[in-house]
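> coords below, sequence missing:
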């Protein structure tokens with residue numbers, strides 16, 4: 001990525017003004033993209049909530065799902081995610097997926113433990129996710145919605161969930177079972 005120093009050197013070496021402008025534009029875009037990526041992390045005390053997202057809902061279904069790339073507990077004490085709510089659904093349940101032999105089981109749980117100094121993922125195909133029950137409207141790619149997360153010790157915070165197409169199975173660990181089923 002071009003730096004101020006490299007841009008100055010380009011001018012000193014006599015590169016065209018157009019080349020310098022292109023390099024400056026590329027640097028600005030790269031910095032903007034980095035800022036946008038960082039802007040989708042949310043902080044609450046010692047907790048960092050990383051990249052809340054949801055796939056679009058399937059036609060004809062009244063439920064959806066929301067994921068968090070992770071919740072990092074940077075503190076010295078454990079915490080716990082105890083509930084969530086959103087204006088786009090009647091209610092949100094924290095779900096845990098377990099495998100019993102060849103059978104995948106899913107059940108609502110009262111919370112997710114967040115050990116001190118560790119990260120817990122609520123990603124597609126991982127142990128936990130957030131079920132959005134009774135959607136008030138379909139979730140469409142490009143939509144964004146508020147999701148309020150309540151923690152036992154840290155309190156509550158509202159994050160912005162981005163509705164995006166899921167990555168293909170095997171790409172970045174996002175493949176796996178779809179959670180758009182009815183309850």
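Thanks, I have it. Predicted model, so just to flag it, every value in this text is computed and none were measured.
> quick one: name whatever helix or strand follows the helix or strand bottoming out on mean pLDDT in the chain.
Ranked by mean pLDDT, DSSP states H and E, the weakest helix or strand in the chain is helix 17-38, scoring a mean of 44. The helix or strand immediately downstream of helix 17-38 is strand 41-44, counting by DSSP states H and E.
> who touches that following strand?
Strand 41-44 is contacted from outside by 48-52, 149, 151, 154-157, 159-160, using C-beta atoms under 8 Å, 6 or more residues apart in numbering. Using the backbone N, CA and C atoms, a C-beta is placed for each residue, glycine as well.
> direction included, what does the very next helix or strand once past it pair up with?
Next in sequence after strand 41-44, counting helices and strands by DSSP H and E, comes strand 47-54. Using DSSP bridges, strand 47-54 pairs in its sheet with strand 41-44 (antiparallel), strand 63-73 (antiparallel), strand 155-163 (parallel).
> including mean pLDDT, could those go into CSV?
Listed next are the strands paired with strand 47-54 as CSV, based on pLDDT from 0 to 100:
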stretch, mean pLDDT
strand 41-44, 95
strand 63-73, 97
strand 155-163, 98
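> to residue 85, which of these lies closest?
Taking C-beta to C-beta, strand 155-163 is the member of the strands paired with strand 47-54 nearest to residue 85, at 9.1 Å.
> tell me which of the strands paired with strand 47-54 is the most buried.
strand 63-73 (a mean of 22; mean count of other C-beta atoms under 10 Å).
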